[in-house]
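Participant: Sequence plus predicted model, see below.
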Amino acid sequence: MKGLLTDEAEFRCPECGSTEFFRDYDRAEMACARCGLVISERLIDLGPEWRAFDSEQQGKRARAGAP
């Protein structure tokens, strides 16, 4: 899954100066949308996480992770 974002904090790519970046959650990277330079690796998803260990727990999944 990839998401294009424009950083309003005026962060610029050190290679080409672009302010447009994309996050590739499958690879856990943030990269420049113009030149492809990887800016950050090992992105952490702070969203909620749901867990279920068997079919019985599927209906009453417990929430784990950040709020």
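Facilitator: Perfect, thanks for sending it. Numbers count the residues shown, from 1 in each chain.
Participant: all contacts plus neighbour counts: C-alpha atoms, from now on.
Facilitator: Will do.
Participant: Distance check, the residue nearest to R42 when sequence neighbours are not counted against F11.
Facilitator: Nearest-residue entry for R42: A28, 4.8 Å, with adjacent residues in sequence omitted and distances by Cα to Cα, 6 or more residues apart in numbering. For A28, the distance to F11 (Cα to Cα, to the nearest Å) stands at 19 Å.
Participant: same question, R34
Facilitator: From R34 to F11 the distance is 14 Å (Cα to Cα).
Participant: one step back: tell me the pLDDT of the residue nearest to R42.
Facilitator: As predicted, A28 sits at a pLDDT of 81.
Participant: correct me, but it touches I39?
Facilitator: No - A28 sits out of contact with I39 when judged by Cα atoms under 8 Å, with a separation of 11.0 Å.
Participant: where does this structure dip in pLDDT?
Facilitator: By pLDDT under 70, the weakly predicted segments of the chain are 1-9, 43-52, 58-67.
Participant: Which residue ranges of it form helices?
Facilitator: Listed in chain order, the helices of the chain (DSSP state H) span 55-58.
Participant: Strands of that one, residue ranges please.
Facilitator: Taking DSSP state E as the test, the strands found in the chain are 2-6, 20-24, 29-32, 38-41, 48-51, 62-65.
Participant: Give the burial count for G36, as a bare number.
Facilitator: 14 (other Cα atoms under 10 Å).
Participant: Next up, the contacts around it.
Facilitator: Neighbouring residues of G36 by Cα atoms under 8 Å, 6 or more residues apart in numbering: there are none.
Participant: distance of it from F53?
Facilitator: For G36, the distance to F53 - Cα to Cα - is 38 Å.
Participant: again with P14
Facilitator: Counting by Cα to Cα, the gap from P14 to F53 is 44 Å.
Participant: how many neighbours does L37 have?
Facilitator: 15.
Participant: Skipping its backbone neighbours, what lies nearest it in space?
Facilitator: Nearest non-adjacent residue to L37 (Cα to Cα, 6+ apart): A31, at 5.4 Å.
Participant: Pull the contacting residues for the one you found.
Facilitator: Listed by Cα under 8 Å, 6+ apart, the contact partners of A31 are F21, F22, R23, D24, L37, V38, I39, S40.
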